[in-house]
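# Got a sequence here, can you build the structure:
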Amino acid sequence: MKRIQKIVFLWLFCAQAFASIDSVKVNLKDLEEIFLQKNALLMAYRFDIEANRATIIQARLWDNPTLTYEQMLYNNSTRSILPILGLNDAKGSPTTQQAVQLQQLFYLAGKRTKRVALAETSTQIAEDAYYDALRGLKYELHNNFYDLYYLQSVVKIYDEEIGSLVKTLAGMNTLLEKGIIPIKDITRIRALQFSLETERKDLKVQMLERQVNLRIITGTRNEVFFMPQADKNAIDALSIQHLTLDKLIMTALENRPDLRLRQSSLKLEQQNLIYQKALKVPDFQAGLTYDRAGSSVPNYFAATFQIGLPVFNKNQGNIKAAEYRIQSAQKQIISQEDRVIGDIQLAYRKALEADQLYKGYDKAFMIDFDKLFDNVKASFEKQIISMLDFIDFYESYKSSAVQMSRLQNDRINAIEEINFMAGKELISLP
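Modelled structure (predicted):
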């Protein structure tokens, strides 16, 4: 009894939830435009790209020159503090001391250019990550859109069946009062109605889940109820016959952003190896020095040059690590290529099966079934057919109608999966 009460409560909750939410009719292009503008994750990826572009600017900059100033704090002879403008003594020697040094660092072996190349490739990796996220989110958007579209059609079938049963029950109650039919017949019809309402409740929960997914993807925080609109004729006209497995594999290997991400990572590791080898070459510092009284001669001017001697540290460890990372990146590309090929093979076969099954289904069957349904209902009300035959036909009708909608949904999802796995929109969905 408690379980029945819980189911009834959930059904009433779903009905109230749908009734209190504003409904908005949208097509796939409408949602895509909202998605591209408002999806927070895509925005985050765009900012990450801009951040990486800023590192290119930084990598191009020269190091700032270094200025060093030295000042005497206290002169014991004159007992003066901070003698900046001290005069010469009787012997002509300065009574204060200052020293100034200006130095500039120069990177050798093209290190600055190589750092710019690394920053550019890092930016490319960020762009590849963005397009990979875009591909995944767009696929999720399309799936939820068409799932919701076909769930709507299935719920409509349930609504019609339940509405028909309610009318039938009203007529049967009149017959029951007259003693024409037994109460067990009404009990069976009510059990069928309750079963249909429970199944409809589960479908509406699925619809709510798809609704929430669409709101998240499109960055819609308002509690609106999207009502997907699609061109049925355009969906029926979709075809994959012009595609071949070899063409799909070639397209995927050229366009999949997750594979390009691996390839860009390999390029980054190769550039890093070149940079690590360049680090073997020590950098060069040049500068000018002025010393007022601290050198062998007063007012000493000199040029300075400094360079490290690569005697012990020739960056051997980092070079070896970079070489191993290149080998790792190469194997990851091979692994990703295998995955891409496998994904395409599976998606193509699934799409072929779904398309062939759908096109082999007699579309006129459901139209005839609808007419037959009306006749069976009328025959039952006139007691021409039995209760068991009536219930059996109801179940068969519902099962066939639901299966047809699921078949259509599976087909379009399989077609969209080809686009997703190929990394390119080869078949435009309506």
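
# ok, and residue 414, which helix or strand is that part of?
Per DSSP states H and E: residue 414 is located in helix 387-422.

# can you list the domain ranges for this protein.
Listed domain ranges for the chain are 2-63+107-280+315-422, 64-106+284-314 (source: automatic domain parsing).

# ok, which stretches of the stretch 51-200 of the chain are strands?
Taking DSSP state E, counting those that start in this stretch, the strands of the stretch 51-200 of the chain run over residues 66-71, 74-75, 80-81, 98-106.

# Dump these into JSON lines; add mean pLDDT, distance to residue 376 and mean neighbour count as well.
Any C-beta I mention is one placed from the backbone N, CA and C, and that applies to glycine too. Listed next are those as JSON lines, based on pLDDT from 0 to 100; distance: least, CB to CB, whole Å; neighbours: other CB atoms under 10 Å:
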{"stretch": "strand 66-71", "mean pLDDT": "91", "distance to residue 376": "94", "mean neighbour count": "11"}
{"stretch": "strand 74-75", "mean pLDDT": "73", "distance to residue 376": "114", "mean neighbour count": "13"}
{"stretch": "strand 80-81", "mean pLDDT": "70", "distance to residue 376": "113", "mean neighbour count": "12"}
{"stretch": "strand 98-106", "mean pLDDT": "93", "distance to residue 376": "91", "mean neighbour count": "15"}
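
# For the closest residue to residue 155 other than its chain neighbours, list the residues it contacts.
Leaving aside its sequence neighbours, residue 155 sits nearest to residue 203 (CB to CB, 6 or more residues apart in numbering; 5.2 Å). The neighbourhood of residue 203, defined by CB atoms under 8 Å, 6 or more residues apart in numbering, consists of 151, 154, 155, 158.

# Tell me the one among those residues nearest to residue 268.
residue 151 (44.4 Å; CB to CB).

# so where is this structure shaky, pLDDT-wise?
Scanning the chain with the threshold set as pLDDT under 70 gives 1-21, 76-78, 80, 82-95, 175-176, 178-181, 362-374, 381.

# can you rerun that using 90?
Where the chain drops to pLDDT under 90, the residues are 1-24, 70-98, 156-196, 221-224, 232-233, 235-241, 291-300, 356-405, 428-430.

# before we move on, back to that, as a markdown table, the domains of the chain with distance to residue 430 would be great.
Listed next are those as a markdown table, based on distance: least, CB to CB, whole Å:
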| stretch | distance to residue 430 |
| --- | --- |
| domain 2-63+107-280+315-422 | 4 |
| domain 64-106+284-314 | 59 |
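
# Please work out which of these is packed deepest.
Burial of the domains of the chain is given as mean neighbour count (mean count of other CB atoms under 10 Å); domain 2-63+107-280+315-422 ranks first at a mean of 16.

# residue boundaries of the helices in the stretch 201-350 of the chain?
232-237, 245-255, 257-278, 316-359 (DSSP state H, counting those that start in this stretch).

# If you drop the residues flanking it in sequence, what lies closest to residue 140?
Excluding its sequence neighbours, the residue lying closest to residue 140 (CB to CB, 6+ apart) is residue 217, at 6.2 Å.

# Any chance of the backbone angles for residue 25?
phi -80, psi 130 (degrees, to the nearest 10).

# about what we covered before: which among the strands of the stretch 51-200 of the chain is found nearest to residue 278?
strand 98-106 (13.4 Å).

# From the chain's centroid, how far away is that closest one?
Taking CA atoms, centre = their mean, to the nearest Å, one finds strand 98-106 lying 51 Å from the centre of the chain it belongs to.

# okay, which residue is most central for the protein?
What sits nearest the mean C-alpha location of the chain, by CA atoms, centre = their mean, is residue 133, with 3.1 Å.

# Surely residue 155 is in contact with residue 206?
No. With contact defined as CB atoms under 8 Å, residue 155 does not count as touching residue 206 (9.3 Å).

# Between strand 98-106 and the longest helix along the chain, find me the angle.
Criterion DSSP state H: the longest helix present in the chain is helix 111-177. Angle, helix 111-177 to strand 98-106, by axes from the mean of the first three to the mean of the last three CA atoms, to 10 degrees: 60 degrees.
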